[in-house]
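# Structure, please.
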Amino acid sequence: MEARKVNIANGWLWIKQGYWLLKKAPVLWVTLSVIGVTGLLGIATIPVIGDPLATLLFPVLLAGYMVGCHALEHDEELELSHLFAGLHNNTSQLVTLGGISLISQMLILGVMMLTGGATLISILMSGQPVDNPEVLAQAAAGAGIALTLGMALISVLLMSMQFAPMLIIFNKMSPVDALRTSLRACLRNIASMSLYGAMMFLFMMIASMPIMLGWLVLLPVMISSMYAIYRDLFPTPTELAAALECETITLEQ
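Have a look, this model is predicted:
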């Protein structure tokens, strides 16, 4: 299964579609978003096992949100139970996906440490405030190659994870196939994805003022727009045939 290539303007259209899904059940959407994200952050604070456990569970949580979006798209009710839908659908594959993400993050950190970023990573992972900013600046200056390489690898990982939970839930793909397909979809639509990312970054800055209340709206829009992107890039066979027919008619005219 391959993603279709879309126009760069779709990057803005996805955000509008995400907002459209939010308007279908605004109160419950905000509630589900706050509960899910707060719960995941709470798990992450557990000493030693918190961060790895949160990484393993993230695809499960995201899959539940996507099932909720699917229900809204088909004029069904959004329910609190959708928050846990990932625990009842392809759970083992979703947890495996989280495990691949966790191992990949560890490998990326290892690569960064081997390429000159050991001091910087040690400072950042210590969890302690840096009293002397010059120490952090010197560590960052000496980790130029490591930071560049790390950012490149993290970008690949994020693109691979972008649609993987949806492909597992809705297309019944294996975790590895879902990761490959997601990465190819992002690379094929890099222009529209870049526009989407730039617009979202702008909205993040706006939502953070003055006391981050805007995130109550932006967070569910971010979640639902991810579903909108998936549906646009991976249409059903019927939708794809209709789209191709429209393009043919347009070309003939």
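# For the stretch 51-200 of the chain, give me the ranges with low pLDDT.
Across the stretch 51-200 of the chain, the ranges flagged by pLDDT under 70 are 127-132.
# mind listing the helices for the protein?
Ranges of helices in the chain, per DSSP state H, are 10-24, 26-44, 50-73, 91-112, 118-125, 133-141, 144-162, 164-171, 175-188, 190-207, 215-233, 237-252.
# Next, format those as JSON lines and append mean neighbour count.
(C-beta placed from N, C-alpha, C; glycine too.) Below are the helices of the chain laid out as JSON lines (neighbours: other Cβ atoms under 10 Å):
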{"stretch": "helix 10-24", "mean neighbour count": "19"}
{"stretch": "helix 26-44", "mean neighbour count": "16"}
{"stretch": "helix 50-73", "mean neighbour count": "22"}
{"stretch": "helix 91-112", "mean neighbour count": "18"}
{"stretch": "helix 118-125", "mean neighbour count": "15"}
{"stretch": "helix 133-141", "mean neighbour count": "13"}
{"stretch": "helix 144-162", "mean neighbour count": "16"}
{"stretch": "helix 164-171", "mean neighbour count": "24"}
{"stretch": "helix 175-188", "mean neighbour count": "20"}
{"stretch": "helix 190-207", "mean neighbour count": "15"}
{"stretch": "helix 215-233", "mean neighbour count": "22"}
{"stretch": "helix 237-252", "mean neighbour count": "10"}
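# For the closest residue to L179 other than its chain neighbours, which residues are in contact?
Spatial nearest neighbour of L179, excluding adjacent residues (Cβ to Cβ, 6 or more residues apart in numbering): S160 at 4.3 Å. The neighbourhood of S160, defined by Cβ atoms under 8 Å, 6 or more residues apart in numbering, consists of L179, R180, S182, L183, C186.
# TSV for these, including distance to P220?
Formatted as TSV, the contacts of S160 follow (distance: Cβ to Cβ, whole Å):
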residue	distance to P220
L179	26
R180	29
S182	22
L183	26
C186	22
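# what's the closest of those residues to G117?
L183 (24.1 Å; Cβ to Cβ).
# Isn't the closest one up against V156?
Yes: judged on Cβ atoms under 8 Å, L183 makes contact with V156 at a distance of 6.8 Å.
# To L80, which of the helices of the chain lies closest?
Among the helices of the chain, helix 26-44 comes nearest to L80, with 6.9 Å by Cβ to Cβ.
# Distance from the chain centre to the closest one, please.
Centroid separation for helix 26-44 versus its chain: 15 Å, with Cα atoms, centre = their mean, to the nearest Å.
# what's the angle from it to helix 50-73?
Per axes from the mean of the first three to the mean of the last three Cα atoms, to 10 degrees, the angle that helix 26-44 makes with helix 50-73 is 160 degrees.
# quick one: average confidence on helix 26-44?
What helix 26-44 shows for mean pLDDT is 93.
# Let the chain start at 449 from now.
From this message on, residue numbering opens at 449, which makes the last subject helix 474-492.
# Without its sequence neighbours, what residue ends up closest to Y513?
Excluding the flanking residues, the one nearest Y513 by Cβ to Cβ, 6+ apart is I671, at 4.9 Å.
# quick one: contacts for that neighbour?
The contact partners of I671, by Cβ under 8 Å, 6+ apart, come to G466, S481, L510, Y513, C517.
# out of those, who's nearest I571?
For the contacts of I671, the nearest to I571 is L510 (30.7 Å; Cβ to Cβ).
# Spit out the contact partners of that closest one.
By Cβ under 8 Å, 6+ apart, the residues touching L510 are G534, P613, I671, M674.
# What of L627?
Counting by Cβ under 8 Å, 6+ apart, L627 touches L545, I548, S608, M609, A612.
# All set now, cheers.
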